[in-house]
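Undergrad: Provided below for reference: sequence and predicted model.
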Amino acid sequence: MTQQTPVPGKSNGLSRRRILSAAGAATALGLAAVLSGCAADDPLASQARAGDNKNYVAGDGSVTEYAKETRKPPVAFTGTLYDGTKVNSAEFAGKVTVLNFWFAACAPCRVEAPELRDLHTEFAAQGVAFYGVNLRDEQGTAQAFEQNFGITYPSFNDKDGQVLLALSGMVPPGAVPTTLVLDKQGRVASRVLGQLEKGTLKALITSAVGE
């Protein structure tokens, strides 16, 4: 992102980009192994740990936060969940929303699934909404993944790419997983490009909730 000089007397409006440290990545993988035996023994998850990028294009692991005054207008799309429910992004207003782009054969998606599951549970009482955005899978495949990892929040069936297209400026089409945190106005407040680290996403959500 283009960096700007902070304005005296104002909060730093710069978007901050942080590359996850090797230690942080190792912690994330360790937590995934503890939280989900199925993930620990999952050959696709092992591919993610090996870093060979089979079946997916890896993001660079960067975390970008957007200061309030630099955020783009609220996201705008209508998508269909796997159960047939249509959801308009206008419904996100008033609450923090997490969007995670994934598909079942994406190796890092399988590693981070327990992290998302636990954060969804942790922030439910604060009204934070979680949605998956599945880019490839039929309903049966997506549901099998969700059952395997104990995911209870819904996912959009985005094989037609409508949600992805609406967020094309924020979500590179080949970089999965990507996770967005939307503020209470429905604007993108932060982005994790690639496999997330639980502590980092928790901090991003907490920051958005506190605004």
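TA: Noted; the coordinates are in hand. Numbers count the residues shown, from 1 in each chain.
Undergrad: in the chain, which spans are helices?
TA: 22-35, 37-40, 43-50, 107-123, 139-149, 162-166, 198-209 (DSSP state H).
Undergrad: helices and strands around the fourth one, which ones?
TA: Identification of packing neighbours for helix 107-123 by 3 or more Cβ pairs under 8 Å, 6 or more residues apart in numbering; DSSP states H and E yields helix 22-35, helix 37-40, helix 43-50, strand 97-102, strand 129-134, helix 139-149, helix 198-209. Using the backbone N, CA and C atoms, a C-beta is placed for each residue, glycine as well.
Undergrad: Please list all residues in contact with the residue most central in space within the chain.
TA: The residue lying closest to the centre of the chain (Cα atoms, centre = their mean) is Thr179, at 1.9 Å. Neighbouring residues of Thr179 by Cβ atoms under 8 Å, 6 or more residues apart in numbering: Val98, Leu99, Asn100, Phe101, Leu116, Arg191, Val192, Leu196, Leu201.
Undergrad: 6 Å - rerun?
TA: Contact analysis of Thr179 by Cβ atoms under 6 Å, 6 or more residues apart in numbering lists Asn100, Val192, Leu196.
Undergrad: Chain neighbours aside, what residue packs nearest to it?
TA: Val192 (4.4 Å; Cβ to Cβ, 6 or more residues apart in numbering).
Undergrad: Gln126 now?
TA: Counting by Cβ to Cβ, 6+ apart, Gln126 lies nearest to Val209, which is 5.6 Å off, once chain neighbours are set aside.
Undergrad: same deal with Trp102?
TA: Cys109 (4.1 Å).
Undergrad: Check Phe156 too.
TA: Distances taken as Cβ to Cβ, 6+ apart place Gly79 nearest to Phe156, at 4.0 Å, with adjacent residues excluded.
Undergrad: Tell me the bridge partners for the one you found.
TA: Assessed by DSSP bridges, Gly79 has beta-bridge partners Val87.
Undergrad: so it sits right up against Val163, yeah?
TA: Yes. Between Gly79 and Val163 there is a contact under Cβ atoms under 6 Å: 4.7 Å.
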